[in-house]
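Colleague: fold the stuff below for me.
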Amino acid sequence: TSNTSTPLAPNSTLYFDEVTQGDISNNSFTVLSTGTSNLIIDNLTLTNPEFSITNPLTLPLVIGSNSSETINVSLDTSIIGSKEGTLSFTTNDINYPIYSFNLSALVNEIAKPLLEVLYSGVSLLEGQVISLGSTSISNPLSFTLDFKNIGNALLTPSNITVPTGYSLSSPITSIPPGDSLRISIQLDATSKGTFSGLISITYNPTITFGITGKVLAPILLVSHSSTPILPSYALNFPSSSVNSIPPEEIILIENQGDSVLTISSISISSPFSLPSLTFPIDIVPEQSIPIIISLNPSISGSYTSEIVISSNDTSYPSFSLSAQATITSPTLSLSYLAQPLSPNQEIDYLRVARGEVSPIKSLTILNEGEEDLVISSIDIPLGFSISSIPLPLVIPPSNTFELPIELDTQEMGTYEGDLIFNSNDEINPEYPIKLKGIIEAPRIEISNVVLPLPPLSTLDYGSIELNRTVETKVLTISNTGNIPLNVLDIIVSPS
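Modeller: This next block holds a predicted model:
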């Protein structure tokens, strides 16, 4: 028996070429009949079923003198490993009634890549879950995976998928046998919540493992009067009068999230104000702080101010609401003879004779505002007077008060000055009205010819003879005053 012209002695070994799993592996041996009669072969057996005879044989096989027969042996390479077996057959050769030899082969594994994934230096098993812990919103959490090729062929991942909320931040390249590739993956932290899913690496086969991470975030909740409010809420202050005690409203800022809420600023405009605050203000989860908003009621009117709360809440980075208030005040209005009087307008009593009945002009004081008008004092110029009125004088809204003003006629002269109303009217706290009046009188002057005769002077007739013709002297009575002079009587002595 020979193999490739080399004798194959009993109990020797027929070696097959080293092959890869799935390849074809064949070998053969030739039986020579060197005697003078036919060689008969029968009972051919193989101890390892992975080996088989591939050419058709009819047993017993008769080989003529000086003839030969080649027998082909095939190996099943579907299973990797070292293959051993024995091939034997019976003959009519008296020296070798049983002829046997060994079969030997090696089937190697197909060259292929093999992926090992390591996290923090530890190999991950299929389906194992990586727990990343937590991070705060807007602070991505990155981690690395090492892809190691422990196979014997180039490893080229065709696809890597990550769950929603995660992203790959490094490129994917082929990995030679024995080498590693570091892949960076991050939890994006763009929204609050727990992000879990599978990372899938496709290269043949596909390997998957789980990942979970939590994104913590603050949640801003603003409340007023124990009721949560939404942006654009109107914070309505009660109506206030000018210079009254500043009213206050309180809003509550609460953190309903699971990480620190940072208030970077709160903006507001006059006449509203905030207490002195130092920013930023940090509010831990499940805690709250009150914010006092004050109104300065110094000037009447209707006011609206936007209040903007700036924070690290991603849903409401700028939470906007409004403060609204009406500040009311009294308004003093004067009129004379149903005609309005502006500040500094004049009322003229004209000319009045001294001693006549004092003329009276009546002013109407009207409160056109929305709060009580309080007149604390009235400044009266010289020559004028008012009747006694209780001060302070309170006039409710839309009410009037009649104020008579009398010109004193006892003393001659020109009287003028400002009548000033001092009140809580914010526009005209001092409301001046000009008063004017002239007290006049006649002035008698007596003269003889051209010589004036003062009172108690003497009109001298000199010495006159008895029964002489009467001597007449003429007295001139003149009115040098500025109103008519009424001469009621002239009295002379009987002589």
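Colleague: drop to CA atoms for contacts and neighbour counts, all remaining ones
Modeller: Will do.
Colleague: what strand or helix carries L125?
Modeller: Using DSSP states H and E, L125 maps to neither a helix nor a strand.
Colleague: return the residues in contact with it.
Modeller: Shown in contact with L125 (C-alpha atoms under 8 Å, 6 or more residues apart in numbering): F209.
Colleague: how about D372?
Modeller: So D372 contacts S329, P330, V394, I395, P396, P397 (C-alpha under 8 Å, 6+ apart).
Colleague: one more time with 7 Å
Modeller: Neighbour list for D372: P330, V394, I395, P396, P397 [criterion: C-alpha atoms under 7 Å, 6 or more residues apart in numbering].
Colleague: per-residue confidence at the nearest residue to the second one once chain neighbours are set aside?
Modeller: Take V394 and drop its neighbours on the chain: the residue closest to it by C-alpha to C-alpha, 6 or more residues apart in numbering is V374, 4.6 Å away. Reading off the per-residue confidence, V374 sits at a pLDDT of 94.
Colleague: parallel or antiparallel, which strands does the host helix or strand of V374 pair with?
Modeller: Secondary-structure assignment from DSSP H and E places V374 in strand 373-379. Sheet neighbours of strand 373-379, with direction, are listed as strand 393-395 (antiparallel), strand 413-423 (antiparallel) (DSSP bridges).
Colleague: so G165 touches D188, yeah?
Modeller: Yes. Contact criterion C-alpha atoms under 7 Å: G165 and D188 qualify, at 5.7 Å.
Colleague: mind listing the shared neighbours of the two?
Modeller: Counting by C-alpha under 7 Å, 6+ apart, nothing touches both G165 and D188.
Colleague: what residue ranges in this structure are flagged as low confidence?
Modeller: Residues of the chain that meet the criterion pLDDT under 70 lie in 1-5, 204, 470.
Colleague: residues contacting the residue nearest to V394?
Modeller: V374 neighbours (C-alpha under 7 Å, 6+ apart): P392, L393, V394, I395, S423, N424.
Colleague: against Y233, how distant is the second one?
Modeller: Spatial separation of L393 from Y233 under the definition C-alpha to C-alpha, to the nearest Å is 42 Å.
Colleague: just the last one next, same as before
Modeller: For N424, the distance to Y233 under the criterion C-alpha to C-alpha works out to 34 Å.
Colleague: tell me which of the two has more neighbours.
Modeller: Neighbour count, other C-alpha atoms under 10 Å: between N424 and Y233, N424 has more, with 21 against 14.
Colleague: let me see the contact set for that one.
Modeller: By C-alpha under 7 Å, 6+ apart, the residues touching N424 are P330, L373, V374, I375.
Colleague: nearest spatial neighbour of the first one, skipping sequence neighbours?
Modeller: Counting by C-alpha to C-alpha, 6+ apart, G369 is the residue found nearest to P330 once chain neighbours are left out, at 4.0 Å.
Colleague: the one you found and P397 touch, don't they?
Modeller: Yes. Shown here, G369 and P397 form a contact pair, counting by C-alpha under 7 Å, at 5.7 Å.
Colleague: and the strands in the stretch 351-495 of the chain, which stretches?
Modeller: Counting by DSSP state E, counting those that start in this stretch, one finds strands in the stretch 351-495 of the chain at the ranges 360-367, 373-379, 384-386, 393-395, 400-407, 413-423, 430-440, 444-448, 451-453, 475-479.
Colleague: could the ones you listed go into JSON lines alongside distance to I41?
Modeller: What follows is the strands of the stretch 351-495 of the chain, written out as JSON lines (distance: least, C-alpha to C-alpha, whole Å):
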{"stretch": "strand 360-367", "distance to I41": "142"}
{"stretch": "strand 373-379", "distance to I41": "141"}
{"stretch": "strand 384-386", "distance to I41": "160"}
{"stretch": "strand 393-395", "distance to I41": "144"}
{"stretch": "strand 400-407", "distance to I41": "147"}
{"stretch": "strand 413-423", "distance to I41": "144"}
{"stretch": "strand 430-440", "distance to I41": "145"}
{"stretch": "strand 444-448", "distance to I41": "189"}
{"stretch": "strand 451-453", "distance to I41": "196"}
{"stretch": "strand 475-479", "distance to I41": "188"}
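Colleague: who wins for proximity to Y349 among those strands?
Modeller: With C-alpha to C-alpha, the closest approach to Y349 among these belongs to strand 430-440: 4.6 Å.
Colleague: so which elements touch that closest one?
Modeller: strand 346-353, strand 413-423 (3 or more C-alpha pairs under 7 Å, 6 or more residues apart in numbering; DSSP states H and E).
Colleague: sorry, back to before: check the contacts of V374 against V31 and report the nearest one.
Modeller: N424 (137.9 Å).
Colleague: how far away is the closest one from S376?
Modeller: 8 Å.
Colleague: what do you get for E84?
Modeller: With C-alpha to C-alpha as the criterion, E84 and S376 are 127 Å apart.
Colleague: any idea how far I293 is from S232?
Modeller: 16 Å.
Colleague: which of these two has more residues huddled nearby?
Modeller: I293 (19 against 13).
Colleague: tell me the contacts of the more buried one?
Modeller: Contacts of I293 (C-alpha under 7 Å, 6+ apart): E248, E249, I250, F272, S273, L274.
Colleague: rerun that using 8 Å as the cut-off
Modeller: Taking C-alpha under 8 Å, 6+ apart, one finds E248, E249, I250, I251, F272, S273, L274, P275 in contact with I293.
Colleague: got it, and S167?
Modeller: I185, Q186, L187, D188.
Colleague: please repeat the previous calculation with a cut-off of 6 Å.
Modeller: I185, Q186 (C-alpha atoms under 6 Å, 6 or more residues apart in numbering).
Colleague: residues in contact with stretch 257-276?
Modeller: For stretch 257-276, contacts defined as C-alpha under 6 Å, 6+ apart pick out 216-219, 279-285, 293-296, 305, 307-312.
Colleague: restricted to helices, list those residues.
Modeller: Among these, no member falls in helices (criterion: DSSP state H).
Colleague: is it possible to mark the buried ones in these?
Modeller: 216-219, 282-285, 293-296, 305, 307-312 (16 or more other C-alpha atoms under 10 Å).
Colleague: out of those residues, which are inside strands?
Modeller: Counting by DSSP state E, the part of the buried ones among the contacts of stretch 257-276 found in strands is L216, D282, I283, I293, S294, L295, S305, I307, V308, I309, S310, S311.
Colleague: identify the farthest-apart pair in the residues you listed.
Modeller: Among those, L216 and L295 lie farthest apart (C-alpha to C-alpha), at 37.3 Å.
Colleague: most neighbours among the contacts of D372, which one?
Modeller: Ranked by neighbours (other C-alpha under 10 Å), the contacts of D372 are led by P330, which has 26 neighbours.
Colleague: surely S298 is in contact with S240?
Modeller: No. Assessed by C-alpha atoms under 6 Å, S298 is found out of contact with S240, at 9.9 Å.
Colleague: neighbour count winner among the two?
Modeller: Applying other C-alpha under 10 Å to S298 and S240 shows that S240 carries more neighbours, namely 21 against 17.
Colleague: tell me what the more buried one is bridged to.
Modeller: The partner residues for S240, given DSSP bridges, come to I327.
Colleague: that one is in contact with I327, isn't it?
Modeller: Yes. S240 is within contact range of I327, at 4.8 Å (criterion: C-alpha under 6 Å).
Colleague: does Q21 touch K112 like I think?
Modeller: No. The criterion here is C-alpha under 6 Å, and Q21 misses it with K112 at 11.5 Å.
Colleague: these two: who's more crowded?
Modeller: Taking neighbours as other C-alpha under 10 Å, Q21 and K112 compare with Q21 leading, 19 against 15.
Colleague: so who does the more buried one touch?
Modeller: Per C-alpha under 6 Å, 6+ apart, neighbours of Q21: T77, S78, I80, V107, N108, E109, I110.
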